[in-house]
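[1] Got a predicted structure plus its sequence, pasted below:
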Amino acid sequence: MSSGQQIDGGGVEPTTEVSEDELFDVLANQRRRFAVHLLKREEDDSIAIGDMAEQIAAWENEIDTAEITGNERKRVYTALQQSHLPKMDDAGVVEFNKDRGVIEPTPALTDMDVYMDVVEGREIPWSDYYLGLSGAAVALAVAVWVGAWPFTLLPEFAWTVAIVVAFAFSALTHKYYTAEMKVGEPEEPPELA
């Protein structure tokens, strides 16, 4: 349920925080993730349910919005109206006015940064990558410290620089990658990229 705070004068002011459980529940469904992505990238404060259904149907079918059929759009529209948007409204991430057919992001959605850590095929998660890089750095430092050949060919400072450069390059790559995976940033949702 949407949480709120009692304010002076008796009204209820919506809170900007959504619990982790509510957030995971909202993000558990692809259509809701697409809706969050669309709302976070919209420049206007609101979007019509018809426009949202059209874009989500296009993403789901991996086609341009001009190519979707009436049945594809209607299927998404109905599911959004009857299930997904009321659930998101209850969680407090959107304001869904069913009568007007308009969805508005709440401060909770606006303030929420969501990253999709999509690992496909033969990719490894970043946590495993950094763990491996740290292990390699430790092995290199030990080899330099004990004077193992060929690590004596370069001064210790050069190996230190090599380790720092490896971590800096990795951090920059990771920063770029996560920016591309941020919901609402790229043109398409991260899971379609």
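    Cool, got the structure.
[2] For this protein, which residues score under the pLDDT cut-off?
    Within the chain, the stretches with pLDDT under 70 are 1-16, 43-44, 114-122, 184-186, 190-191, 193.
[3] max-length helix in it?
    Using DSSP state H, we find that the single longest helix of the chain is helix 156-180.
[4] which SS class is I103?
    Here I103 is recorded as strand under DSSP: H, G, I helix; E, B strand; the rest coil.
[5] Okay, strands next: where are they in the protein?
    Assigned by DSSP state E, the chain shows strands spanning 4-6, 12-14, 47-48, 94-97, 102-105.
[6] follow-up on the earlier one: from the contact counts, what lies against the longest helix of the chain?
    helix 126-146 (3 or more Cβ pairs under 8 Å, 6 or more residues apart in numbering; DSSP states H and E). For the C-beta atoms, the positions are set from N, CA and C on the backbone; glycine is no exception.
[7] Against which helices or strands is the helix it packs on packed?
    Helix 126-146 packs on helix 156-180, going by 3+ Cβ pairs under 8 Å, 6+ apart.
[8] Give me the angle between the helix it packs on and helix 126-146.
    Angle, helix 156-180 to helix 126-146, by axes from the mean of the first three to the mean of the last three Cα atoms, to 10 degrees: 180 degrees.
[9] and helix 156-180, how far from the chain's centre?
    23 Å (Cα atoms, centre = their mean, to the nearest Å).
[10] next one: stretch 47-66
    19 Å.
[11] residues contacting Y130?
    Applying Cβ atoms under 8 Å, 6 or more residues apart in numbering, we find Y130 in contact with S170.
[12] go again using 10 Å as the cut-off
    By Cβ atoms under 10 Å, 6 or more residues apart in numbering, the contact list for Y130 reads F167, S170, A171, H174.
[13] what pairs with the nearest residue to S46 once chain neighbours are set aside across the strands?
    Among residues not flanking S46 along the chain, E104 sits closest, at 4.3 Å (Cβ to Cβ, 6 or more residues apart in numbering). Judged by DSSP bridges, the bridge partners of E104 are E95.
[14] is it true that V164 touches A141?
    No: taking contacts as Cβ atoms under 10 Å, V164 lies outside contact range of A141: 11.8 Å.
[15] Looking at those two, which one has more neighbours?
    Regarding V164 and A141, a neighbour count based on other Cβ atoms under 10 Å identifies A141 as having more, with 15 against 11.
[16] Tell me how far I68 lies from A139.
    54 Å (Cβ to Cβ, to the nearest Å).
[17] Between those two, which has more neighbouring residues?
    Set I68 next to A139 and count neighbours by other Cβ under 10 Å: I68 wins out with 20 against 10.
[18] That one is in contact with G50, isn't it?
    No: I68 lies out of contact with G50 (Cβ under 10 Å); the separation is 11.8 Å.
[19] circling back to that earlier point, what subset of the contacts of Y130 is buried?
    Among the contacts of Y130, none is buried by neighbour count (16 or more other Cβ atoms under 10 Å).
[20] quick check, nearest of those to E156?
    F167 (17.0 Å; Cβ to Cβ).
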